[in-house]
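S.K.: quick one, what's the 3D model for this:
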Amino acid sequence: EQISKHFQENSVSTPRSNSISASGEFNLNFPEVFTYGLFHSAGSEGQFLEDHLKLKTFKLNDKSMLQLKLKPRQVRMILPTDSQESLQMFDLTMTGQAIVEQFCSKVNLDPALYLLFVMQAQKKDAPKPVNMDQALKNQGLPFDGIFMIISRDKVSDNTIDSQEQTVWEEQAEGNVVREDGAVVAASLNQLVRMLTDPKTYDPDFVNTFLLTYNAFTNPEKLFEKLQERYHVPSSLDPKDISTIRARVCVALKHWLERSSHDIMSKSLLHQIQVEFLQKEIKEESLEAFADAINRIITEALTQTPPPSRPDSRDMGKISNISLNSLDEVAVAQALTMETWSMYSKLKPIEFLNQAWNNPRYQHLAPNVLNLIFQFNDTSNWVASCIVSEKKVRKRSKLLNSFIKIAKLLHEMGNFHLLMAFISGINNASVVRLKYTHEKLPKSTKAVWSSLEQVMQIMGSFKNYRNALSEHTPPAIPYLGVHLQDLVFIEDGNPDNLGSLINWRKCKFVANIVKLVFYYQSSTSYNFPMGVDSEISQFVRMLPRL
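M.R.: Reported below is the predicted structural model:
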């Protein structure tokens, strides 16, 4: 219980060391479907530690790596070669396709010929297909049911590819779940109807939808649904027809403003121009919307991507700046402007489905990865500079300068690199330099203590969260905290509740993304005296010492 609380309340997404009492006992209390445990890594292999035992029972040392991971779950399953069910272990982080491949390989069957289905244990309903491309933990599956690997030849087309209903054909009953009036889950059709409702306009709903839609659909499908919604049946009230079409145009405009520059294909943008703007919009009242949408698309189609920046790893030594004569203010300003240039480019899609954590989807999160790399490079640079200085007096002077820079970063609201400096100074190789720390002035020690208090991990970074909320923009959040929030939301909430989109999860994710983007959309940094160009070049490509 002690260790469980430590990991859950004080979690961080950047690598760091944590000291845990060897006498502690642990019992991880999560919902039954999502059972977590402590996983001990040993090279390329590892094992889950038994929950009821004390840590001193295991052969752990200061190099041991413990992770909080989803445990495999035992389920009932019918394999292609069996007629009776058997108990099998499922890794809930695997996709349906990976599960099929794993079990087919055991009996020498071609996995391309099989699909994974699940059937409720106490019901007589037909087996339902499992999404082959999603992790099992994200599908809201009945893990107390019976899983089956079934040949594609034995599955009728109606079971796999049931004809999809349009926005207007699908009834709300059975496709929307509400609790206390709030939407908890819904189909894509129903969410599009809410997005363009003629009776009510909910800006928060629109914002949440546009921030998270990539988690449950794709741009092509969303445009298809908006087109369907625009084709209002003539039987409706003329006023409602006009309002719905206007709401579709508003939604399309907001969507394109946020997304057209990075994730939408040119063919889709051309399709919107030709098939929708030129052929569909005929009312004079919507011409202003059509012109605005057309301008956004034209700009997106003519925009050229910015040149890629050289990688510091190939640059070698690029500056003759002396580390012992650093201008702390100039360095803090240059670092902050460099961080802001990355932070201001962040896109909502980068925060969905843990794209930054998955090698298959990291191309969708380039700016998040750039900020993570900058954090790691800065932290390593700080630690390396200190330990590379041979003389104690000079080393202490350099440490003093780094603490001053950290204080300035705090005052500027650059919490992201403030944490990087703290991480670098708290590196084990720096902490052990007793005499270097002793020579610091008392005032510097007091400043250092206050900075550590701001960014301490206790209470899930409570002090940092308060400091960020109280800081007047501009500010740059410490991304690690918010990425870890998203990891827990993703791991603890399925993407679907039955066949419906888990809208409650979308709202959880959107709240985190809104917080990050609040500071992006507010005042930007503007230092009256400008930023020193030589220092700026230096911090842009920190040498890896």
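
S.K.: now do the strands in this structure.
M.R.: Counting by DSSP state E, the chain has strands at residues 36-42, 45-48, 65-70, 73-78, 86-90, 114-119, 128-129, 146-151, 176-179, 182-186, 496-497, 500-502.

S.K.: arrange the ones you listed in JSON lines, one row each, with mean neighbour count as further columns.
M.R.: All C-beta spots, glycine's among them, are computed from the backbone N, C-alpha and C. Converted to JSON lines, the strands of the chain look like this (neighbours: other C-beta atoms under 10 Å):
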{"stretch": "strand 36-42", "mean neighbour count": "17"}
{"stretch": "strand 45-48", "mean neighbour count": "12"}
{"stretch": "strand 65-70", "mean neighbour count": "16"}
{"stretch": "strand 73-78", "mean neighbour count": "18"}
{"stretch": "strand 86-90", "mean neighbour count": "13"}
{"stretch": "strand 114-119", "mean neighbour count": "21"}
{"stretch": "strand 128-129", "mean neighbour count": "16"}
{"stretch": "strand 146-151", "mean neighbour count": "19"}
{"stretch": "strand 176-179", "mean neighbour count": "14"}
{"stretch": "strand 182-186", "mean neighbour count": "18"}
{"stretch": "strand 496-497", "mean neighbour count": "18"}
{"stretch": "strand 500-502", "mean neighbour count": "22"}
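
S.K.: which of the ones you listed sits closest to residue 268?
M.R.: Among the strands of the chain, strand 500-502 comes nearest to residue 268, with 21.6 Å by C-beta to C-beta.

S.K.: once you drop chain neighbours, what's closest to residue 348?
M.R.: residue 211 (4.7 Å; C-beta to C-beta, 6 or more residues apart in numbering).

S.K.: can I get the strands of the chain in a markdown table with mean pLDDT and distance to residue 297?
M.R.: Putting the strands of the chain into a markdown table (pLDDT from 0 to 100; distance: least, C-beta to C-beta, whole Å) gives the following:
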| stretch | mean pLDDT | distance to residue 297 |
| --- | --- | --- |
| strand 36-42 | 72 | 46 |
| strand 45-48 | 73 | 50 |
| strand 65-70 | 74 | 42 |
| strand 73-78 | 81 | 47 |
| strand 86-90 | 82 | 45 |
| strand 114-119 | 86 | 39 |
| strand 128-129 | 81 | 37 |
| strand 146-151 | 85 | 44 |
| strand 176-179 | 94 | 32 |
| strand 182-186 | 96 | 29 |
| strand 496-497 | 88 | 32 |
| strand 500-502 | 94 | 27 |
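
S.K.: hang on, the earlier thing: and the residue nearest to residue 348, how close does it get to residue 347?
M.R.: 10 Å (C-beta to C-beta, to the nearest Å).

S.K.: pLDDT below threshold where in the stretch 151-300 of the chain?
M.R.: 154-163, 260-263 (pLDDT under 70).

S.K.: how about the helices in it?
M.R.: 157-160, 188-195, 203-212, 219-230, 238-259, 266-271, 287-302 (DSSP state H, counting those that start in this stretch).

S.K.: list the contacts of the fifth one.
M.R.: Spelled out, it's helix 238-259. With C-beta atoms under 8 Å, 6 or more residues apart in numbering as the test, helix 238-259 has contacts from 195-198, 201, 206, 210, 219, 222-223, 226, 229-230, 232, 234, 236, 264, 272, 276, 281, 283, 285-286, 289-290, 292-293, 296-297, 300, 347-349.

S.K.: and residue 114, what are its bridge partners?
M.R.: residue 151 (DSSP bridges).

S.K.: isn't it right up against residue 152?
M.R.: Yes: here residue 114 reaches residue 152: they are 6.7 Å apart, a contact under C-beta atoms under 8 Å.

S.K.: do I have it right that residue 328 meets residue 400?
M.R.: No: with contact defined as C-beta under 8 Å, residue 328 does not count as touching residue 400 (9.5 Å).
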